[in-house]
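A.B. asks: Take this sequence and fold it.
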Amino acid sequence: MLEVGGDNDRLAGLRARIDKLNSEILELLNERAAVALQVSRVKADLGISGYDPVRESAMLESLVDENRGPFSSQAVSSIFKYIFQTTLELMESSERGSLKVSRLYQPENTRFCVNGAEFGGSSFSVIAGPCSIESEEQAEAVAANLARCGVRIMRGGAFKPRTSPYSFQGLGMEGLKILSGAAHRHNLAVVSELTDVRQLEPAYPYLDIIQIGARNMYNYSLLREIGALDKPIILKRHFAASLEELLFSAEYLMQAGASRIILCERGIRTFERWVRNTLDISAVPLLKQETHLPVMVDISHAAGRRDILLPLAKASKAVGADALMVEVHDNPKCARSDCQQQLDFDDFARLMQELL
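C.D. replies: Next comes the predicted model:
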């Protein structure tokens with residue numbers, strides 16, 4: 001009985017030693033993580049990438065050489081690879097948290113109103129209008145219809161970046177003036193895309209919201225110039241961009257001084273041919289989780305076809321989108337651009353009734 005009692009005491013002592021070692025290892029791991037975060041900040045100041053595969057490989061080789069067992073070299077390598085990976089994830093998370101667009105940087109939602117339409121709050125807003133402004137008659141008819149349906153913001157393309165140089169490129173400043181006149185006659189705010197820094201000064205008086213199109217999401221000089229203007233901004237996700245890249249583009253805008261920014265999911269390019277793009281519906285809750293900025297969905301460019309716009313609109317609202325963008329035309333079949341994805345007045349009225 002005495003021998004059993006002695007063995008129990010020895011076991012308890014060894015377990016106590018393991019508990020102490022566990023605490024010491026935990027303390028060292030956290031100390032290592034804190035130093036790694038300091039390294040990350042210094043690298044950021046120096047403009048150096050946080051991840052260094054060459055140094056990681058050298059550290060692993062050194063640790064394996066120093067290993068005297070009982071862990072095998074493979075086990076030591078696996079353990080420290082996991083430590084390196086989790087440290088890298090911590091550094092990336094810390095970097096994201098330092099961004100002005102991050103919800104870690106600003107926990108509360110960014111909220112603002114444009115002509116009574118709220119973004120970032122509890123309301124669901126709709127921005128609508130034709131793909132392109134084609135004439136005064138067309139703009140007037142669409143504006144009147146939008147006002148009847150309760151829309152507060154009218155969209156319309158004046159500067160149209162098209163895939164083919166032979167496609168209709170928009171009416172330019174003339175189209176923007178037509179859009180502004182029709183919208184304001186019906187108490188609607190105006191949003192339109194600008195594609196070049198040379199357009200900013202002449203277009204500024206005619207816009208309530210500036211749209212940065214998908215193709216210009218990577219145009220960092222344009223982002224800086226628009227970000228310095230005192231206007232709300234819609235930033236569209238490029239059809240081949242990751243969500244992280246979208247947030248970095250938004251960071252360019254905030255770094256330049258912008259604060260009223262709406263992120264717009266408008267579909268990504270996949271192998272699917274039944275739609276123009278594939279609506280990444282998961283982008284909405286992911287962005288709402290990662291950033292404090294409002295998120296909207298452009299269902300027209302995502303689908304490229306009008307027959308599925310209503311279920312896409314309902315899905316967008318269901319997953320937490322703050323707003324919707326949809327294209328509306330007085331005679332879609334005769335539209336000079338994207339005729340297959342624009343709603344006529346009756347279909348748009350039906351969408352508004354079922355959505356709101």
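A.B. asks: drop to CA atoms for contacts and neighbour counts, all remaining ones
C.D. replies: Will do.
A.B. asks: Quick one: the strands in the stretch 51-200 of the chain, in order.
C.D. replies: 112-114, 117-119, 125-129, 153-155, 189-193 (DSSP state E, counting those that start in this stretch).
A.B. asks: can you put those strands in CSV and add mean neighbour count?
C.D. replies: What follows is those, written out as CSV (neighbours: other C-alpha atoms under 10 Å):
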stretch, mean neighbour count
strand 112-114, 14
strand 117-119, 20
strand 125-129, 25
strand 153-155, 29
strand 189-193, 26
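A.B. asks: mind checking which of those strands is nearest residue 309?
C.D. replies: Proximity to residue 309 (C-alpha to C-alpha) singles out strand 125-129 among those, at 12.8 Å.
A.B. asks: who touches that closest one?
C.D. replies: Outside of strand 125-129, the residues within contact range by C-alpha atoms under 8 Å, 6 or more residues apart in numbering are 117-119, 142-143, 146, 151-156, 322-329.
A.B. asks: Tell me how far that strand lies from the chain's centre.
C.D. replies: Centroid separation for strand 125-129 versus its chain: 19 Å, with C-alpha atoms, centre = their mean, to the nearest Å.
A.B. asks: Check which helices and strands the longest helix seen in the chain sits against.
C.D. replies: Counting residues, the longest helix in the chain under DSSP state H turns out to be helix 2-46. Helix 2-46 sits against helix 73-97, with contacts defined as 3 or more C-alpha pairs under 8 Å, 6 or more residues apart in numbering; DSSP states H and E.
A.B. asks: Now residue 227. Nearest residue, chain neighbours left out?
C.D. replies: Nearest residue to residue 227 in three dimensions, chain neighbours excluded: residue 253, at 4.3 Å (C-alpha to C-alpha, 6 or more residues apart in numbering).
A.B. asks: And for residue 345, nearest residue in space, chain neighbours not counted?
C.D. replies: Nearest non-adjacent residue to residue 345 (C-alpha to C-alpha, 6+ apart): residue 330, at 6.4 Å.
A.B. asks: Quick one: classify the one you found as helix, strand or coil.
C.D. replies: At residue 330 the chain is in coil, as set by DSSP: H, G, I helix; E, B strand; the rest coil.
A.B. asks: returning to that earlier point: tabulate the strands of the stretch 51-200 of the chain in a markdown table, adding columns for mean pLDDT.
C.D. replies: A markdown table is the format used below for the strands of the stretch 51-200 of the chain (pLDDT from 0 to 100):
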| stretch | mean pLDDT |
| --- | --- |
| strand 112-114 | 98 |
| strand 117-119 | 97 |
| strand 125-129 | 98 |
| strand 153-155 | 98 |
| strand 189-193 | 98 |
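A.B. asks: Kindly reformat those strands as a markdown table containing distance to residue 270.
C.D. replies: Below are these laid out as a markdown table (distance: least, C-alpha to C-alpha, whole Å):
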| stretch | distance to residue 270 |
| --- | --- |
| strand 112-114 | 34 |
| strand 117-119 | 29 |
| strand 125-129 | 26 |
| strand 153-155 | 27 |
| strand 189-193 | 25 |
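A.B. asks: Looking at the ones you listed, which is nearest to residue 89?
C.D. replies: Closest to residue 89 of the strands of the stretch 51-200 of the chain, according to C-alpha to C-alpha: strand 117-119, at 31.7 Å.
A.B. asks: The residue nearest to residue 227 touches residue 222, doesn't it?
C.D. replies: No - counting by C-alpha atoms under 8 Å, residue 253 does not reach residue 222; the two are 9.4 Å apart.
A.B. asks: between these two, which one's more packed in?
C.D. replies: Neighbour count, other C-alpha atoms under 10 Å: between residue 253 and residue 222, residue 253 has more, with 27 against 20.
A.B. asks: Remind me what the strand or helix carrying that one packs against, helices and strands.
C.D. replies: Taking DSSP states H and E as the criterion, residue 253 maps to helix 243-255. With contacts defined as 3+ C-alpha pairs under 8 Å, 6+ apart, the packing partners of helix 243-255 are helix 220-227.
A.B. asks: what's the helix it packs on in contact with?
C.D. replies: By C-alpha under 8 Å, 6+ apart, the list of residues contacting helix 220-227 from outside reads 195-197, 200, 210, 216-217, 249, 252-258.
A.B. asks: and that helix, average pLDDT?
C.D. replies: Averaged over helix 220-227, pLDDT sits at 97.
A.B. asks: Any regions of the protein where pLDDT drops low?
C.D. replies: 1-5 (pLDDT under 70).
A.B. asks: and residue 202, how far is that from residue 167?
C.D. replies: 24 Å (C-alpha to C-alpha, to the nearest Å).
A.B. asks: meant to ask about residue 290, not that
C.D. replies: Counting by C-alpha to C-alpha - residue 290 and residue 167 are separated by 38 Å.
A.B. asks: neighbour-wise, which of those two wins?
C.D. replies: Remark: of residue 290 and residue 167, residue 290 carries more neighbours, 18 against 12, as counted by other C-alpha under 10 Å.
A.B. asks: so the more buried one touches residue 103, yeah?
C.D. replies: Yes - using C-alpha under 8 Å, residue 290 makes contact with residue 103 at a distance of 5.6 Å.
A.B. asks: what's near enough to touch residue 331?
C.D. replies: Applying C-alpha under 8 Å, 6+ apart to residue 331 gives the contacts residue 344.
A.B. asks: ok, residue 100 - contacts?
C.D. replies: 106, 251, 254-255.
A.B. asks: For these, give me TSV that also has distance to residue 60.
C.D. replies: TSV is the format used below for the contacts of residue 100 (distance: C-alpha to C-alpha, whole Å):
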residue	distance to residue 60
106	38
251	35
254	40
255	38
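A.B. asks: what about stretch 154-173, start to end distance?
C.D. replies: Stretch 154-173: ends 17 Å apart by C-alpha to C-alpha.
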